[in-house]
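Asks: I'd like to go over a predicted model; first the sequence, then the structure.
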Protein chains: 2
Amino acid sequence: MRNMEKIDQLEAWLDENRYLALREELENLDEVEISEIIDELPSAKALKIFRLLKKDQAAEVFAELEPGIQGKIIHEMTDRELEVILDEMFVDDLVDMLEELPASVVTRVLEITDEHTRGTINRFLKYPKDSAGSLMTSEYTSLKKDLRVEEAIAYLRSFGHDNETLYSCYVVADDRTLEGVVTLRTLLLASDEALVESLMDSEVVSVSTDLDQEHVADLFMKYDFMTIPVVDSENHLVGIVTVDDIIDVMREEDTEDFEKMAGTLPSDKPYLKTSVWELAKNRMGWLTILMISGVLTGNILAHFEHAFISIPLLVSFIPMLTDTGGNSGSQSSTLVIRGMVLNEIKFSDGLKVLWKEFQVSLMAGAFLALITYLRLIYSYPDKPMIVFVVALSIQATVIMAKLIGALLPFAAKLLRADPAIMAAPMITTIVDAGSLFVYFYLAHLILGI
Amino acid sequence: MRNMEKIDQLEAWLDENRYLALREELENLDEVEISEIIDELPSAKALKIFRLLKKDQAAEVFAELEPGIQGKIIHEMTDRELEVILDEMFVDDLVDMLEELPASVVTRVLEITDEHTRGTINRFLKYPKDSAGSLMTSEYTSLKKDLRVEEAIAYLRSFGHDNETLYSCYVVADDRTLEGVVTLRTLLLASDEALVESLMDSEVVSVSTDLDQEHVADLFMKYDFMTIPVVDSENHLVGIVTVDDIIDVMREEDTEDFEKMAGTLPSDKPYLKTSVWELAKNRMGWLTILMISGVLTGNILAHFEHAFISIPLLVSFIPMLTDTGGNSGSQSSTLVIRGMVLNEIKFSDGLKVLWKEFQVSLMAGAFLALITYLRLIYSYPDKPMIVFVVALSIQATVIMAKLIGALLPFAAKLLRADPAIMAAPMITTIVDAGSLFVYFYLAHLILGI
């Protein structure tokens, strides 16, 4: 809300050419606030605002912008202006940006950067998307193990300017083999004469460039790291991943899981920046598959047509029954899938989970069946057997739904598929078919139809 | 998997009293690995393993353990042993632990800690759960603004041992009013003679003790912070929140959202540590409410009984129709809810979202209706009007479901309720009723029944 008002005011000042007021206002804002404002403005105005920023502020704001607007700004900048901005950016932010920009802009950026940075960028662009390699930055801090603390600190003070973080210093051999890690804290708290070697922790947890970002995030979760070193196949240090990028990864991965579990293809872009056509496309796949799998429930109902022709009342309870089944099943599958993501549930826990869900389903099912019985026997006192069939079906459906809901994520794991995508959208359809079959089969047995 | 084997081996060694081998193996593991092993062991064995640890390792492992096992270990420890462990723990970890432990254990812990720590703990225990106050630690690093860099670094090197982080140094006045922040990096890279005041950033983003942890996490996301200062109502610095705790908060909040959206009360404990009774209890509420709301769909179906008595085929398509509606609706509500959590969708975006969903629903609905028409006209070539009714109902249902799915989260916000809990579980039931009504009403209009 406050942001909206600020944007309106800035736009008004722009229209009135009140640049002095604008410049003053911009100096009071931080880079995140300015980038949010620029992202919201139409691109012509966004460019004008950007040009009003001071040099150092401009570079910081630029790194925060959405790729679309970054591309437009690059297009408008002179080579000299662009060089200043690129110089200030860390390699990981630069690579993230280049991955999103059209080829022509990428070429221009690569032409302007110096040879060394160009080499680094090109190497980084080759790492698979969502790997530790594509996430890392090459501006890490490294030390040699034979330095004394005093020398190490002096070294950091003279040469640390370009590093993304000074907090974790990685100790490397002459061929850049990773030998250990020492935090700046440890260095500072040690005596000047101590050797880096005696302070470093040589059991470094590192990741290889091709490790999936989800697993990198798991390590950050487990060890409360600020950074993690990335090594190539020969254990040479090639970069570091920092915790701020991991926070984004975690949110991204969780968002993807939400999307998948709702039967939507995951999208990289925020909702409001995604086109209608893309939103529709991402959703139609699962909607179509699930709708067509409705053939199954249709066939079951067609098969039992004689049952509801003779007792039409049976139809009234179909949605309640299938919904209760669907809800019960997705409770179980959601908890199991989430437990797997958080590494709280392992594949070997399958039987334990199944047994737990079975007990839960007995309890919850019995409770729901009782409520159903009491509610329906009051409404239909003259049809006790039908009421009994409905209540019994509720109990059976809940048991079935919870077992299937618990089993599907494990089945997905067994097939090396993603439980979120395999198990969550399927559950309703499978449980629907099961519950309808149980319902009419029990009606057939008990009511003799 | 590897962990399981390691645990089996350690248990075997325990049974055979091979303490030397055990001790050696434990020295090769880090504190996270050991704590994971101890958490998995039966408590008698867990205690034995814990006692085999070296003093400094024991304190680190202890901080990582589950509260249940922490309580048991405290129970077995002498006062002296406990004192050593407590001394090593940061106040935030200590408070987290005390919040989970039974009162008798808390009393014992408070008796053993020194007066100052006891005062801090008692103050921390008073902050509301899930607030910045309950999340923060009091071991922050502070400086005075009139120090020169050389003095500041010397000060940190002498007195920084007990601080959870040295990375962000907060500049405070004599009355502890927060005046600025300077990173250790900035200090190190500056010249010895510079004044802290000239280096510090005086526009510090801080939070008050009672701010909800979700909003604290949002600030970390937005600004890529490592720490954030927590102030009281008079802007006195009282603590800091560190990024490692924020990562846990984010995962926790996302997990809660998954649970709520699946119609389950959120649980603090991992799935496998939650009792069957608690799991059942957490799930029965929504299951019952949603099942009873099936009265609505039941009544609609009862109202249109004559329709499916005259055309029983109509019943076959009920589950396909309601499921397609439910799936379409939860796609929309999930995306909107997630967008709200990530601050990508604001309340003022309501109309934009609604218009977008309307267009998506036209597209997706038309596609699904077409497929339905083609599939059914092939199966039922002699019933074109019935097929037409079903296809038209699909289109209408998808539009309605997506609009309701987009609206519900905004309605929840308007009522100051949590969209995840208000909108997600309700969507199926509401859309079911709507789609059945549309279906039979169209059948009534077009087929004249």
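Replies: Arrived safely.
Asks: Strands of chain A, residue ranges please.
Replies: Secondary structure of chain A (DSSP state E): strands located at A:141-143, A:168-172, A:178-183, A:207-208, A:227-231, A:237-242.
Asks: Run through the neighbouring helices and strands of the second one.
Replies: Strand A:168-172 is packed against strand A:141-143, strand A:178-183, helix A:184-189, strand A:237-242, with contacts defined by 3 or more CB pairs under 8 Å, 6 or more residues apart in numbering or on different chains; DSSP states H and E. In this view, the C-beta of every residue, glycine as well, is placed from N, C-alpha and C.
Asks: what does the first one rub up against?
Replies: Contacts to strand A:141-143, defined as CB atoms under 8 Å, 6 or more residues apart in numbering or on different chains, come from residues A:152, A:155-156, A:160, A:163, A:165-166, A:168-172, A:176, A:182, A:196, A:237.
Asks: likewise stretch A:152-170?
Replies: Applying CB under 8 Å, 6+ apart, the contact partners of stretch A:152-170 are A:90, A:92, A:137, A:139-143, A:147, A:178, A:180-185, A:187-188, A:196, A:204, A:226-227, A:229, A:237, A:240, A:242, B:167, B:184-185, B:188-189.
Asks: can you give me the end-to-end distance of that stretch?
Replies: Taking CA to CA, to the nearest Å, the first and last residues of stretch A:152-170 lie 12 Å apart.
Asks: would you list every one of the helices in the stretch 201-350 of chain A?
Replies: Ranges of helices within the stretch 201-350 of chain A are A:213-223, A:243-261, A:276-292, A:294-303, A:305-310, A:313-316, A:318-341, A:350-379, based on DSSP state H, counting those that start in this stretch.
Asks: any idea of the angle the second one forms with helix A:318-341?
Replies: Using axes from the mean of the first three to the mean of the last three CA atoms, to 10 degrees, the interaxial angle of helix A:243-261 with respect to helix A:318-341 works out to 150 degrees.
Asks: Distance from helix A:243-261 to the middle of the chain?
Replies: Distance of helix A:243-261 from its chain centroid, counting by CA atoms, centre = their mean, to the nearest Å, is 2 Å.
Asks: likewise the shortest one?
Replies: Between the centre of helix A:313-316 and the centre of its host chain there is 43 Å, according to CA atoms, centre = their mean.
Asks: I'd assumed B:Leu314 was in contact with A:Phe308.
Replies: No. Counting by CB atoms under 8 Å, A:Phe308 does not reach B:Leu314; the two are 10.7 Å apart.
Asks: sorry, back to before: what's the most buried one of the helices of the stretch 201-350 of chain A?
Replies: Mean neighbour count, computed with mean count of other CB atoms under 10 Å in any protein chain shown, is highest for helix A:318-341 among the helices of the stretch 201-350 of chain A, reaching a mean of 27.
Asks: That one near chain B anywhere?
Replies: Yes. With CB under 8 Å from any CB of the partner chain as the criterion, chain B is reached by helix A:318-341 at A:318-320, A:322-324, A:326-328, A:330-331, A:334-336, A:338-339.
Asks: Tell me what angle that helix forms with helix A:294-303.
Replies: 150 degrees.
Asks: right, and A:Tyr271 touches B:Met340 too?
Replies: No. The pair A:Tyr271 / B:Met340 is not scored as a contact, 9.5 Å apart, by CB under 8 Å.
Asks: follow-up on the earlier one: relative to chain B, which of the residues of helix A:318-341 next to chain B is nearest.
Replies: Using CB to the nearest CB, A:Met320 comes nearest to chain B of the residues of helix A:318-341 next to chain B, at 2.9 Å.
Asks: contacting residues around that closest one?
Replies: Here A:Met320 is in contact with B:291, B:294-295, B:297-298 (criterion: CB under 8 Å, 6+ apart).
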